Each structure stands twice: as C-alpha cells, then as structure tokens.
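Colleague: Predicted coordinates and the sequence they were generated for:
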Amino acid sequence: MIDTLTSLRIFFALMVFGAHCYVLDSTFDAHIFKEGFVGVSFFFVLSGFIIAYNYQEKLLAKSTTKRTFWVARIARIYPLHLLTLFIAACIGGYVQYSDTADWIKHFAASTFLLQPFFPSADYFFSFNSPSWSLGCEQLFYFCFPLVIPFLNSRRNLFILLGICLPVMLAGMYLTPDDQIKAYWYVNPITRLPDFFVGVLLYQFYRLLCSKKISYSAGTLLETGAVVLFLLFYLCAADVPKVYRYSCYYWLPVSLMILVFSLQKGGISRLLSNRFLIIGGEISYSFYLIHLFIILTYTKMAALYQWQIQWTISVPLIFCITVALSLLSYYYFEKPANRWVKRIFLSL
C-alpha cells in the first residue's frame, strides 16, 4: 500500500459526504459542497492505479491467476455491499416499484451490482444508492485481467484514451440534460476510461518512482497538485455538469494521485499520519453507510420534529458514521474478506 494515497481516500469520501448533506440543510446546496461528487471520479482513477500497482506484474508474470484476482476483488466489495443492501432494504430506500415482482427485480439488480446498467434512477439509486459505483468497480475488475496484456503499454493506453475522449465529448454534448446522469455518471461502460486513466498513471509512476526528487521539490510538486485541483474544483460551476462527471477532472485528479504516490514532499509526510491512514482504510465503510445514516436521521427529525442546527447534526452524523465505519472495518470487513477468500479459493 501507498500510505499517502490511502490517506487521501478519506478526504474524498468526506467530499461525497458533504455533497449528500444537502438533505439536512440548504447550506450544503452551495457549489463547494455539491461538487463533492468528484470524489467518485477520484476513486475510479485511484482504483485503476492501485489495481495496476498491485496486480499488473503478477498477472503478466502469471505469479497470480485471474481467478485469484477476481476472488480477492469479490472478497473486498461484496460482504459489506450485501450487509448494507439488506439494511437499506429493511429501513427503506430510493425504490419505486409497482408490485412485489418489480421490487424483486430491483433487489436482484442491486444484489449483483447490475443496477447502474439500467438508465433509470429508481434502479441505479435504489436501496443503498452509493452502491451504484460498486457496479462500475465490478466491471473494472472483470475487465482488468483480460485486457492487461494490451494495457501494459503507454502507447496503447494513449491510443485507447485518445479514441475514447473525443467520442465521449461528442456523446456528452449530444446527450439531453435529463439523461446525462444515467449515461455519463453511473454507467459502468462510460466510466471505464476513468479506470484506464488510473492504469496509465501507473505506467508513469514506474518511470518516476526511482527518480531522485528532493524534499523541497517534492513539497512544491505536491502543493502545485493541490492548488491545481482546487482551481479546477472552484471554477467548475462554469463547466457543464456532464463533463464534470468524468473527463473534466482527469488532469487534476491524476496529478494528485501521481504526485502523492511518489511520497517525496512535506504534505506526504503529513498524510502518512497513522490516524489519516486509518481514515483511508475505513473510507469504503464510510462511503457505503453514510447516506442511509443521513436519511435515517432526516426521517427521525421529521417524525419527532427535531429542531437541531446543522452545526450540531452534521458533526453528530459524521461521528456516528466514523464509529460505525471503524466497527465495520475491524469486526466485519476484514474477517469477512478472509472468510470469502478461504471459501472460494478452496473450491
């Protein structure tokens, strides 16, 4: 693992958290919070980088198998996904169905992480809505071992992304506003290029990781990457959202990941703090459980007519989410991960 990238995960998970707090108070309707969906783009690009970092050489050298890779990925995402899915099903969620059979269709799609392939919000945001991104990750994981012989080349990756980008821009331009979320935000096929950008980043990382970079130069690079990201983020309101859902953030997110993966500067030293690393480790739990905690709170607040300022309710919800994420990571995710690997690898 690269500690700095692990720590960055919690900051981008917090951005997603802030983007969803608009249901608590209109303060969070401001651009600085609503734009937090960029956290999803960060996770998709980071996923490509980390998967290539951990598995590219192993798969090419055949020191690990496709089956082992896929089992490891299933063990990583499915246990907590299924747990949160059942919790969401029990407490209710964003599901619109006509009868029991229709409910079963929604539930089956969510169970197998197929919901983002359906271009309808009552499917891709059904039950525990953040899990739509796991459907994208599932496609990434399935494809990676199959295409890695081709992707093990910067030239091929540049050609692939060079073809994808103009096609994406044209498609985004022609897509009606009411359909952009279905086709360009949640659709796993159109989010594949984000993952490939991360794989390409790993090729650059291999070139740069052995270069001698001074502490001061590393700090300057890290500061520049953060400043560039903030510029893109704060100026994004003038860019159509369809582009911001994906390719608009490729450059700043990529530079953040690449520069901090080198761990050469002062900000990296700060990010290597053990508490931030733990925050990154629990970010998957945090991401999957935060929204139904927010929604459960809003239902209870409406039912009992609570009049609580957001300056109290939001920190309270955040602390509850962090506490549950810690419990989930240490007492459910890690044991379940080992159990699933043991079961599937022994078959």
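Modeller: Structure received. Numbers count the residues shown, from 1 in each chain.

Colleague: alpha carbons only for contacts and neighbour counts from here, please
Modeller: Fine.

Colleague: confidence score at Ser41?
Modeller: With respect to pLDDT, Ser41 scores 94.

Colleague: and it, what does it touch?
Modeller: For Ser41, the contacting residues are Asp194, Tyr245, Ser246, Tyr249, Trp250, Val253, by CA atoms under 8 Å, 6 or more residues apart in numbering.

Colleague: any chance of those residues in JSON lines, with secondary structure too?
Modeller: Below are these laid out as JSON lines (DSSP: H, G, I helix; E, B strand; the rest coil):
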{"residue": "Asp194", "secondary structure": "helix"}
{"residue": "Tyr245", "secondary structure": "coil"}
{"residue": "Ser246", "secondary structure": "coil"}
{"residue": "Tyr249", "secondary structure": "helix"}
{"residue": "Trp250", "secondary structure": "helix"}
{"residue": "Val253", "secondary structure": "helix"}
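
Colleague: ok, which pair from these is furthest apart?
Modeller: Across the contacts of Ser41, the longest distance by CA to CA is 12.4 Å; it joins Tyr245 and Val253.

Colleague: between those two, which one's more packed in?
Modeller: Shown here are Tyr245 and Val253; by other CA atoms under 10 Å, Val253 has more neighbours (24 against 20).

Colleague: which regions of the stretch 1-150 of the chain sit below the pLDDT cut-off?
Modeller: Low-confidence segments of the stretch 1-150 of the chain (pLDDT under 70): 92-96.

Colleague: which stretches of it form helices?
Modeller: Taking DSSP state H, counting those that start in this stretch, the helices of the stretch 1-150 of the chain run over residues 3-20, 31-34, 38-60, 66-91, 100-111, 121-124, 132-151.

Colleague: For the residue nearest the centre of the chain, give me its contacts.
Modeller: The centre of the chain sits closest to Phe43, judged by CA atoms, centre = their mean, with a distance of 3.4 Å. Phe43 makes contact with Arg9, according to CA under 8 Å, 6+ apart.

Colleague: any idea how far it is from Ala236?
Modeller: As judged by CA to CA, to the nearest Å, Phe43 and Ala236 stand 19 Å apart.

Colleague: Which strand or helix spans Thr219?
Modeller: helix 215-234 (DSSP states H and E).

Colleague: what about the residue lying closest to Leu85 once chain neighbours are set aside, how many neighbours?
Modeller: Distance criterion CA to CA, 6 or more residues apart in numbering; nearest residue to Leu85, sequence neighbours excluded, is Asn128 at 5.9 Å. Using other CA under 10 Å, the number of residues around Asn128 comes to 26.

Colleague: Hmm, Asn128 is touching Thr84, no?
Modeller: Yes. Between Asn128 and Thr84 there is a contact under CA atoms under 8 Å: 6.8 Å.

Colleague: For those two, list the residues in contact with both.
Modeller: Contact criterion CA under 8 Å, 6+ apart; residues shared by Asn128 and Thr84: Leu288.

Colleague: The host helix or strand of Ile267 - contacts with which helices or strands?
Modeller: Using DSSP H and E, Ile267 sits in helix 266-271. Contacts defined by 3 or more CA pairs under 8 Å, 6 or more residues apart in numbering; DSSP states H and E place helix 266-271 against helix 3-20, helix 215-234.

Colleague: would you turn those into CSV with mean neighbour count?
Modeller: Shown next, in CSV, are the helices and strands packed on helix 266-271 (neighbours: other CA atoms under 10 Å):
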stretch, mean neighbour count
helix 3-20, 22
helix 215-234, 17
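
Colleague: Please produce a markdown table containing those helices, extended by distance to Tyr185.
Modeller: Formatted as a markdown table, those follow (distance: least, CA to CA, whole Å):
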| stretch | distance to Tyr185 |
| --- | --- |
| helix 3-20 | 14 |
| helix 215-234 | 17 |
